[in-house]
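Visitor: Next input, structure requested:
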Amino acid sequence: MKIAITGEKGFIGIHLTQYFRNILKYEVIELGRDYLDQLSKVKELDWLIHGAFIQRHKDPDTLIALNRKLTSETIKCLTDNDLKCNIAFLSSLQEDLDNPYGQAKKEAKIALNDYCTSVSKAFISFKLPNSFGVYAVPDKTSFVATFCYNLHNDLPIEFNKNKVKLVSINDVLPIIGHLKQSEILYQETSVDEIYRLLQHFHEINQSHKFPELKTKFELDLYQTYLSYINYKI
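Guide: Take a look at the predicted model:
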């Protein structure tokens, strides 16, 4: 099976590339950051995993407009090159919220679904929670990565009590890899609870002991914490 992933150089994209290629043994066509140029050269494709998206912009209207343009250009690229493929869209739980990013995700989901219907191909969409794991970039990709990096480097940490829906990237990969519509389960917690847990891991680690891990979620979080011991920005 031939797979291509937009946003392949991002946190989730890196993991998906390795999972499809090394675990599922699929052929993964590398598109790079300028994915539209490379996608236009692809002649045959079974699934496009569409994760490329603009997450932040100081102007909400511009954020929506830029993502509309990105979605439109992706569909145009597929149409102009007669590349009919199934699409798995990496959406977000925020599509159910009244904010610019969520609105942009929802609009992209509808447009991509309409395209797949028009060419008689399958469309699936995954509402991703906040994901954490190795390769997440501190101060950019994940607050968990930021906390882990700062703890290991004795940097100050700012946190709040906001509720957050978290999932380990290790739990996301097999669900997306199945390429069937499915819900991604998550742990509902708070930012300060995650901070306290990571701080506990850090104190235990400094005493050269192993923490008591009560759940798989805590194990995944601890392994993520350890992965930033020698991390360099």
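
Visitor: okay, the spatially closest residue to residue 107 that is not a sequence neighbour: pLDDT?
Guide: Leaving out its chain neighbours, the residue that sits closest to residue 107 by CB to CB, 6 or more residues apart in numbering is residue 68, at 6.4 Å. (Glycine included, C-beta is placed from N, CA and C.) pLDDT, residue 68: 95.

Visitor: so which strand or helix has residue 68?
Guide: Assigned by DSSP states H and E, residue 68 falls within helix 60-80.

Visitor: Pull out the buried positions in that helix.
Guide: The neighbour-count check on helix 60-80 (16 or more other CB atoms under 10 Å) flags 63-64, 67, 70-71, 74-75, 77-78 as buried.

Visitor: Tell me which other helices or strands that helix touches.
Guide: helix 35-39, helix 100-118 (3 or more CB pairs under 8 Å, 6 or more residues apart in numbering; DSSP states H and E).

Visitor: Measure how the longest one sits relative to helix 60-80, angle-wise.
Guide: Between the axis of helix 100-118 and that of helix 60-80 there is an angle of 20 degrees, by axes from the mean of the first three to the mean of the last three CA atoms, to 10 degrees.

Visitor: Other residues contacting helix 100-118?
Guide: 50, 53-56, 60-61, 63-64, 67-68, 70-72, 74-75, 78-79, 86-87, 89, 91-92, 94-96, 122-123, 125 (CB atoms under 8 Å, 6 or more residues apart in numbering).

Visitor: Now the phi/psi pair for the residue in the chain sticking out farthest from the centre, please.
Guide: Using CA atoms, centre = their mean, the residue of the chain lying farthest from its centre is residue 207. It sits 33.7 Å away. Per-residue torsions, residue 207: phi -90, psi 10 (degrees, to the nearest 10).

Visitor: Quickly note the distance from it to residue 201.
Guide: Between residue 207 and residue 201 the distance, using CB to CB, to the nearest Å, works out to 11 Å.

Visitor: So which residues of the protein form strands?
Guide: Ranges of strands in the chain, per DSSP state E, are 2-6, 27-29, 47-50, 86-92, 123-128, 130-132, 163-168, 187-190.

Visitor: List the pairing partners of the last one within its sheet, with orientation.
Guide: Paired strands of strand 187-190, with direction, are strand 163-168 (antiparallel) (DSSP bridges).

Visitor: residues in contact with residue 89?
Guide: Residue 89 touches 50, 108-109, 112, 123-126, counting by CB under 8 Å, 6+ apart.

Visitor: no wait, residue 123
Guide: By CB under 8 Å, 6+ apart, the neighbours of residue 123 are 86-89, 112-113, 115-117.

Visitor: run the last query once more with 6 Å
Guide: Residues near residue 123 by CB atoms under 6 Å, 6 or more residues apart in numbering: 87, 113, 116.

Visitor: Let me see the confidence value for the second one.
Guide: This points to residue 113. What the model reports for residue 113 is a pLDDT of 98.
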